[in-house]
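Student: Quick one: sequence plus predicted model below, questions after.
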Amino acid sequence: MNKVKVLDRNFTVSIKEAEILKRVAEIGAQISRDTEGKKPLFLAVLNGSFMFASDLMKTITTPCEISFVKLASYEGTNSSGNVKQLIGLNESLRGRCVVIVEDIIDSGLTMQELLKLLKEYEPSEVRIASLLVKPANLQVNLTVDYTCFEIPNDFIIGYGLDYDGEARNLRDIYTVCD
Ligand code: IMP
Ligand code: MG
C-alpha cells in the first residue's frame with residue numbers, strides 16, 4: 001500500500017515500517033547504553049507517540065519504567081490566555097532520569113512547554129527521544145538527544161500520527177502529496 005487517501009488528502013509512503021523498526025532499535029540500543037543503571041522513566045506523550053513508545057520499549061535492555069502523559073491546554077488567567085497542564089503523571093520524578101518519548105518535533109514549542117513543566121518535578125536529568133524532527137521548522141533552541149528521522153517540512157501521517165484523528169493505525173509513515 002504505497003498510496004492512501006485520508007479524508008480529503010492523498011498521501012504517499014515515505015518511511016516503511018521495516019526502516020522505522022530498524023532505526024528505533026538503533027536508538028533503543030543507544031538509550032540503553034546511555035541510561036544503564038539509572039532506571040530511566042520513559043514519559044510517552046500521548047496520543048501520537050503510542051506506537052513509537054511501544055516499539056522503543058521492546059528494545060530497551062536496562063531496567064526501566066514507562067508512564068503516559070498528555071499536555072492539555074485550558075483557558076488560564078495569564079496574558080496569553082492559553083496555559084498548558086501536564087496530566088496523567090502519577091510517579092515522582094524527583095532525582096530520576098527521565099526520557100521524553102515524542103512522535104514529532106515541529107516548531108518545538110510543545111516540547112519547550114513540556115520541559116518547563118517537567119522541571120518543576122525536579123528530575124535529575126531529562127533526555128528527549130523523538131521519532132521525527134522537522135529541523136527547518138524549529139523555532140526554539142532544543143537539544144534532541146535521540147532522533148530517529150529528520151524529515152522535510154511536509155505534513156505526515158501514520159505510525160501513530162494523525163490527520164484530524166485518523167490514520168494513526170497505519171504501519172508506515174506517509175507524506176501528503178496533494
Ligand atoms: P510543535 O509544538 O510545533 O513542535 O508541534 C508538535 C505537535 O504537532 C506534534 O506532537 C503533533 O501532534 C503535531 N504535528 C506536527 N507536525 C505534524 C505532522 O506532520 N503530522 C501530524 N502531526 C503533526
Ligand atoms: Mg505529539
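Tutor: Good, I have the coordinates. Ligands and ions are numbered 1, 2, ... in the order given.

Student: Do a quick rundown of the strands in the chain.
Tutor: Assigned by DSSP state E, the strands in the chain fall at 3-6, 9-15, 41-45, 65-75, 82-87, 97-105, 125-133, 146-150, 156-157, 173-176.

Student: Comparing those by mean pLDDT, which bottoms out?
Tutor: Confidence, taken as mean pLDDT, is least for strand 82-87 of these (a mean of 85).

Student: To Ala25, which of the strands of the chain lies closest?
Tutor: Smallest distance to Ala25 across the strands of the chain (Cβ to Cβ): 10.1 Å, for strand 146-150. Every residue, glycine included, has its C-beta placed from N, CA and C.

Student: ok, is that closest one in contact with ligand 1 or not?
Tutor: No. If you take Cβ under 6 Å from any ligand atom as the test, strand 146-150 misses ligand 1, and the best it gets is 12.0 Å.

Student: Next, the contact list for Glu113, please.
Tutor: Glu113 makes contact with 71, 84 under the criterion Cβ atoms under 8 Å, 6 or more residues apart in numbering.

Student: Dump the strands of the chain to CSV, plus mean neighbour count and distance to ligand 2.
Tutor: Output for these, formatted as CSV (neighbours: other Cβ atoms under 10 Å; distance: least, Cβ to the ion, whole Å):
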stretch, mean neighbour count, distance to ligand 2
strand 3-6, 13, 18
strand 9-15, 17, 17
strand 41-45, 24, 5
strand 65-75, 13, 8
strand 82-87, 13, 12
strand 97-105, 23, 5
strand 125-133, 22, 9
strand 146-150, 17, 14
strand 156-157, 22, 12
strand 173-176, 20, 14
